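In: Predicted model, plus sequence, below.
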Amino acid sequence: MGDRDTAFAEYFAARSEAMRGTAYLLCGDWHRAEDLVQATFAKLYVAWNRVDRHEALDAYTRQTLVRTFVSDLRRGWFRKERVSDTTPEAASVGRGSVEDRLVLLAALAQVPPRQRAVLVLRYWEDLSVEETARALRCSEGTVKSQAARGLQTLRGLITPQQGEKVR
């Protein structure tokens, strides 16, 4: 294996799991997340000679992941509803109860895809408004409005409706 391949393999080993988590938050399906990560790293491998010394390699990879996700949206792949008898795996995220994480992940899956992409990049990946706008190829105003709408949608899905009992 050459130096190029070794460097790529090391980067893949170090970052693929984190990118898989981000992909899952974008699409809500672990299998599709694997496909997105695989497509992302295949594209990265092709461009590796141009980007392997780039200071913002993680940002480049994340941007490629989001663009791959958005490209799939445009082709209509995510418009198909998937029915399952099993509960999806819970992503490993910071503090909080398992129940809270499951509720949040289920709610996030119901947020429209574009808003979901903004929420994941802004609050999971901790990108700035400017970085998120670059990754999604949209204006900063669009990022702000989509984040506000996405958070409002999440609150509506998570906050018990009037008349419902809180456990």
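Out: Looks like it came in fine.
In: Does anything pack onto the least confident helix or strand in the chain by mean pLDDT? Which helices or strands?
Out: In the chain, the helix or strand scored least confidently by mean pLDDT, DSSP states H and E is helix 48-51, which has a mean of 82. On a contact count with 3 or more CB pairs under 8 Å, 6 or more residues apart in numbering; DSSP states H and E, helix 48-51 meets helix 3-27. In short, each C-beta sits where N, CA and C put it, glycine included.
In: residues making contact with the helix it packs on?
Out: Identification of contacts with helix 3-27 by CB atoms under 8 Å, 6 or more residues apart in numbering yields 1, 30, 32-34, 36-37, 40-41, 44-45, 48-49, 52, 57-58, 61-62, 65-66, 69, 72, 78, 91-92, 105, 108, 113, 116-117, 120, 124-125.
In: Report the buried members of those.
Out: 32-33, 36-37, 40-41, 44, 48, 61-62, 65-66, 69, 72, 78, 91, 105, 108, 113, 116-117, 120, 125 (16 or more other CB atoms under 10 Å).
In: Narrow the residues you listed to those in helices?
Out: Among the buried ones among the contacts of helix 3-27, the members falling in helices (DSSP state H) are 32-33, 36-37, 40-41, 44, 48, 61-62, 65-66, 69, 72, 105, 108, 113, 116-117.
In: Give me the domain ranges for the protein.
Out: Following automatic domain parsing, the chain resolves into domains at 1-78, 95-159.
In: and stretch 26-34, how far from the chain's centre?
Out: 9 Å (CA atoms, centre = their mean, to the nearest Å).
In: swap that for stretch 129-149, please
Out: Remark: stretch 129-149 is offset 14 Å from the chain centroid, using CA atoms, centre = their mean.
In: list the buried ones in that stretch?
Out: Applying 16+ other CB under 10 Å to stretch 129-149 flags 129, 131-133, 135-136, 138, 142-143, 146-147, 149 as buried.
In: Now do the end-to-end distance for it.
Out: 15 Å (CA to CA, to the nearest Å).
In: ok, and what's touching that stretch?
Out: Taking CB under 8 Å, 6+ apart as the rule, stretch 129-149 contacts 59, 62-63, 66-67, 70, 114-115, 117-119, 121-122, 127.
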